[in-house]
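> Please work out how this folds:
(2 chains)
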2 protein chains.
Amino acid sequence: MTQVLISEVAPRDGLQSIAATMPTSAKCRWIDTLAAAGLREIEVASFVSPKLLPQMADAVEVVRHALTLRDLTVAVLVPNLRGAIAAMEAGAHKLTLPVSVSAAHLWSNIRKTPEQIEEDVANIVALRNERFPDVKIEAGLSTAFGCTISGDVPEDDTIRVSVRMAELGVDEVGLSDSVGYANPAQVKRLFTRLREEVGNKAGGAHFHNTRGQGLANVVAALDAGVTTFDSSQGGIGGCPYAPGATGNIVTEDLVFMLEASGVKTGVDLELLANARAVLAEALPNEALYGYVPAAGLPKGFHYAKEAA
Amino acid sequence: MTQVLISEVAPRDGLQSIAATMPTSAKCRWIDTLAAAGLREIEVASFVSPKLLPQMADAVEVVRHALTLRDLTVAVLVPNLRGAIAAMEAGAHKLTLPVSVSAAHLWSNIRKTPEQIEEDVANIVALRNERFPDVKIEAGLSTAFGCTISGDVPEDDTIRVSVRMAELGVDEVGLSDSVGYANPAQVKRLFTRLREEVGNKAGGAHFHNTRGQGLANVVAALDAGVTTFDSSQGGIGGCPYAPGATGNIVTEDLVFMLEASGVKTGVDLELLANARAVLAEALPNEALYGYVPAAGLPKGFHYAKEAA
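Got it, this is the predicted structure:
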């Protein structure tokens, strides 16, 4: 393990979870600075009804702007076929479809049954295959590690849904803990099984830091061979369906941990601080999190060496 | 790995790092509730000059009280022979001697050279052997992972000092990161080497959460076979010599991570909340940290099963 991909999700997961709406121009400037810091994949928007999430009403414009940036994978979240059509027509490179392993959470979240979500995924994959063959599709399995409604989620359920998603033709199956229930032992077990069951369709990890376990879970996931991690600058955001949940793991702290551990991310922490300044200026009333931004880098810190 | 020892250090590392002095009676009540929560080792005081640390002036009284608690290892910190004599005469079960791997930090911290600290350790071990044969002595190697003055600390230096301490007759060599410089890869390497070099004298891990890496480092240390972890209720405290450093890893979050991961700690989180209430009442102006106390336990949470 000498290299990983950090998928920056703050412009989507962060911004959709706060009350304020960031102006489109500020979003674009922020995404520019995130990309300039070396982030190679950014989830820039969610294609949902603007009535539901007015913060994401400018998704098409933001995607079009992000597409002008060189070497950036422009990722978006889409909860349904209508969103997928709009996202692919806008030119997004990668779609993440949230699929809750817990049927109770799925219903509460998007009023769908497991059968209905499978049908959605099948339709989106078919559309992609027919009209947008270059677009990558990830099933993002939420409540993969536990559910605020059902409590424990059997690991067999998570694996069963993963296999089903792979069968339906998605390119990647990621495991997501937006409710902050995951623990390192479980993370290692589940990602190990995921790779055994779906092979190179095994995708990334999406952890929240609700119970302070985010980076600990990353260590466990690295150990299981995971090479893509979602994180959020300043840790903004959270899951609107998980009461009291705090946000995603913090990109700054993640980059520090990985680089200090000899795992190359391609991200420059000084340039990332520039992006944080843009975010802070655009959202002056939002709390930004992160230990490394507060404490600074250790004396003598150096980045991981280039992968051989 | 199914069982670990959590060594609660807040009454020492926490209280010595804040301006307020907790009244002796409150300290005793707090220690009672910590022990009642299932903590089997508590570092209750530091035997230093009351001029230097007035918060620790009641060390003898606190030790004597803690000795009345059943099944509790009463641990203390001692920086020199004078402190060691007082601690052993007071009846402490375990002494931790802070030994900085970095000569610059050692000098800045306690105005001693590496030769002088070795002489101190030798004298303390000789005294123990002669008069207090049941007392355990741990060398706590601070700056084992990096130093705010020197920056990088070569891993060979940490191992060399560890081996020297073992030769001098201490019972355990622990590795400490009070400055928050450690990363998981380094933690795994160093604790693995420590065990190779000093065998069953390899001791515990003392991590601070300055850069948010505390629990991630615990995961790495567990992987290297470490079975004792220092932590601090509410994360209070820090290192007075590490500017901007935040406190120890938070006991509540550590217990949650371990128990959720199937590693038994013997600590009950509900009873730990009682101890936290005593702490909060005694120090109403101190910030208490911790994610699990804020977010609560996940629905369906269960403790690790008894070790076979």
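
> Touching, A:Gly151 and B:Lys299? I think so.
Yes: between A:Gly151 and B:Lys299 there is a contact under CB atoms under 8 Å: 4.0 Å. The C-beta positions use only the backbone N, C-alpha and C, and glycine is treated the same way.

> give the contact list for A:Gly83.
If you count contacts by CB atoms under 8 Å, 6 or more residues apart in numbering or on different chains, A:Gly83 has them with A:Ser46, A:Phe47, A:Val48.

> do you know how far the last one is from A:Gly14?
For A:Val48, the distance to A:Gly14 (CB to CB, to the nearest Å) stands at 15 Å.

> tell me the mean pLDDT over the host helix or strand of A:Ile124?
Element membership of A:Ile124 [criterion: DSSP states H and E] is helix A:114-131. The average pLDDT within helix A:114-131 is 98.

> do stretch A:167-187 as well
According to the model, stretch A:167-187 has a mean pLDDT of 97.

> ok, A:Val48 and A:Gly14, which is more surrounded?
Neighbours per residue (other CB atoms under 10 Å in any protein chain shown) separate A:Val48 from A:Gly14, with A:Gly14 holding more: 26 against 22.

> For the spatially most central residue of chain A, report the pLDDT, please.
The centre of chain A sits closest to A:Asp230, judged by CA atoms, centre = their mean, with a distance of 4.1 Å. Looking at A:Asp230, its pLDDT is 98.

> Up against chain B, what does the stretch 101-250 of chain A have?
A:146-152, A:179-181, A:183-186, A:209-213, A:215-216, A:218-220, A:223, A:244-246, A:250 (CB under 8 Å from any CB of the partner chain).

> Now the residue in the stretch 1-150 of chain A positioned nearest to chain B: closest residue in space, sequence neighbours ignored.
Closest contact between the stretch 1-150 of chain A and chain B, by CB to the nearest CB, is at A:Gly146 (5.5 Å). Excluding the flanking residues, the one nearest A:Gly146 by CB to CB, 6 or more residues apart in numbering or on different chains is A:Tyr181, at 3.1 Å.

> For the closest residue in space to A:Asp152 that isn't next to it in sequence, which residues are in contact?
Nearest residue to A:Asp152, sequence neighbours excluded (CB to CB, 6+ apart): B:Gly300, at 4.1 Å. Taking CB under 8 Å, 6+ apart, we find B:Gly300 in contact with A:Gly146, A:Ser150, A:Gly151, A:Asp152.

> cutoff 7 Å now
A:Gly146, A:Gly151, A:Asp152 (CB atoms under 7 Å, 6 or more residues apart in numbering or on different chains).

> before we move on, what about A:Gly266?
Neighbour list for A:Gly266: A:Gly38, A:Arg40 [criterion: CB under 7 Å, 6+ apart].

> confidence score at it?
pLDDT, read off for A:Gly266, is 97.

> That one belongs to a helix?
No: under DSSP: H, G, I helix; E, B strand; the rest coil, A:Gly266 sits outside any helix and is assigned coil.

> Now do it against B:Glu252, distance only.
Using CB to CB, A:Gly266 is found at 35 Å from B:Glu252.
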